[in-house]
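Visitor: sharing a model prediction with you, sequence too.
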Amino acid sequence: MLQIGPYSFQSRLLLGTGKFPDAQTQNQAIEISESEILTFAVRKLPLDNPDMPNFLESIDLENFHLLPNTAGAKTAEEAVRIARLAYQSGLCHMIKVEVIGDDRTLLPDPIETLRACEQLLEDGMIVLPYTSDDVVLARRLQELGVHAIMPAGSPIGSGMGLLNPLHLSFIIEQATVPVIIDAGIGSPADATLAMELGADGVLLNTAVSGAQDPVKMALAMKYAVMSGRLGYEAGRIPKRPYATASSPESGVPV
Ligand SMILES: CC(=O)[C@@H](O)[C@H](O)COP(=O)(O)O
């Protein structure tokens, strides 16, 4: 069970909704993934412009928890304004805080992220910040009271997988809230590795929406996350530099 604030989830796979080729493919991928949490950019919703397309229309909202994100924000003030817009429209209690500090890498601005989280926690929201793999920042966010920490595996949309598994494992080791690896997952193997490290969940978008067959990839990701989690819970064997014989040494003489 994945526990975020007051909410419990069976699925540990969180799905982004931004880049699918069409609504039908998106909905099939969401369904087959069995994800319970969907993230989307608030600024892509027609909250004050009814002429804009609304992807939420084609989804049965009863079946999901929505995790709007503050994509597009570059300051704490912008992120807080976007988050409040989503909160006040009754869409959600959870918010993914995303404050981008660098346009080329889309890596988060740590100081603005911290400031935004502080404000949104005061507002009473369930706050999930997107962060870099900085161990100290993760701890500071946790001390602030965020409900989960979401470090990037690698830059958003890069598909480069986990660039620094060591730092991610340090974050996981010290975490008292769920750690969800968010961004950069390229293949099912990356998702499995994240879960084997002990992550509580994986949030991804591009690896599924950009796959040649998004629906099949969504299924693969579902199994990858489950498999990684089972492997983590089962406890892998330690790595050793030398061989250990698989057959017993006693028995029939050779
Ligand atoms: C949808 C969303 O929130 C993404 O910005 C998220 O960070 C996932 O990144 P990938 O697209 O690299 O999986």
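Guide: In hand now; what should we look at?
Visitor: which positions in the stretch 101-250 of the chain make contact with the ligand?
Guide: Residues of the stretch 101-250 of the chain lying near the ligand by CB under 6 Å from any ligand atom: 156-157, 182-185, 203-207. For every residue, glycine as well, the C-beta is placed using N, CA and C.
Visitor: nearest residue to the closest residue to the ligand within the chain in space, please, no chain neighbours.
Guide: Per CB to the nearest ligand atom, residue 16 is where the chain lies closest to the ligand, at 2.5 Å. Counting by CB to CB, 6 or more residues apart in numbering, residue 16 lies nearest to residue 205, which is 2.7 Å off, once chain neighbours are set aside.
Visitor: could you do residue 29 as well?
Guide: Leaving out its chain neighbours, the residue that sits closest to residue 29 by CB to CB, 6+ apart is residue 218, at 3.9 Å.
Visitor: residues touching that neighbour, list them.
Guide: When contacts are counted by CB atoms under 8 Å, 6 or more residues apart in numbering, residue 218 touches 15, 28-30, 32-33, 208.
Visitor: list the buried ones in the one helix or strand it maps to?
Guide: Element membership for residue 218 (DSSP states H and E) is helix 214-234. Applying a neighbour-count criterion of 16 or more other CB atoms under 10 Å, one finds 214-215, 217-222, 224-226, 228-229, 232 buried in helix 214-234.
Visitor: same list, the residues you listed, but as JSON lines with pLDDT please.
Guide: Output for the buried residues of helix 214-234, formatted as JSON lines (pLDDT from 0 to 100):
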{"residue": "214", "pLDDT": "97"}
{"residue": "215", "pLDDT": "97"}
{"residue": "217", "pLDDT": "98"}
{"residue": "218", "pLDDT": "98"}
{"residue": "219", "pLDDT": "98"}
{"residue": "220", "pLDDT": "98"}
{"residue": "221", "pLDDT": "98"}
{"residue": "222", "pLDDT": "98"}
{"residue": "224", "pLDDT": "98"}
{"residue": "225", "pLDDT": "98"}
{"residue": "226", "pLDDT": "98"}
{"residue": "228", "pLDDT": "98"}
{"residue": "229", "pLDDT": "98"}
{"residue": "232", "pLDDT": "98"}
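Visitor: now distance to residue 116 too, for those residues, in a markdown table please.
Guide: What follows is the buried residues of helix 214-234, written out as a markdown table (distance: CB to CB, whole Å):
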| residue | distance to residue 116 |
| --- | --- |
| 214 | 31 |
| 215 | 35 |
| 217 | 32 |
| 218 | 30 |
| 219 | 35 |
| 220 | 34 |
| 221 | 29 |
| 222 | 31 |
| 224 | 31 |
| 225 | 28 |
| 226 | 33 |
| 228 | 30 |
| 229 | 30 |
| 232 | 31 |
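Visitor: hang on, residue 146 packs against residue 131?
Guide: No - judged on CB atoms under 8 Å, residue 146 makes no contact with residue 131 at a distance of 9.4 Å.
Visitor: and residue 220, how far is that from residue 11?
Guide: The spacing between residue 220 and residue 11, counted by CB to CB, to the nearest Å, is 14 Å.
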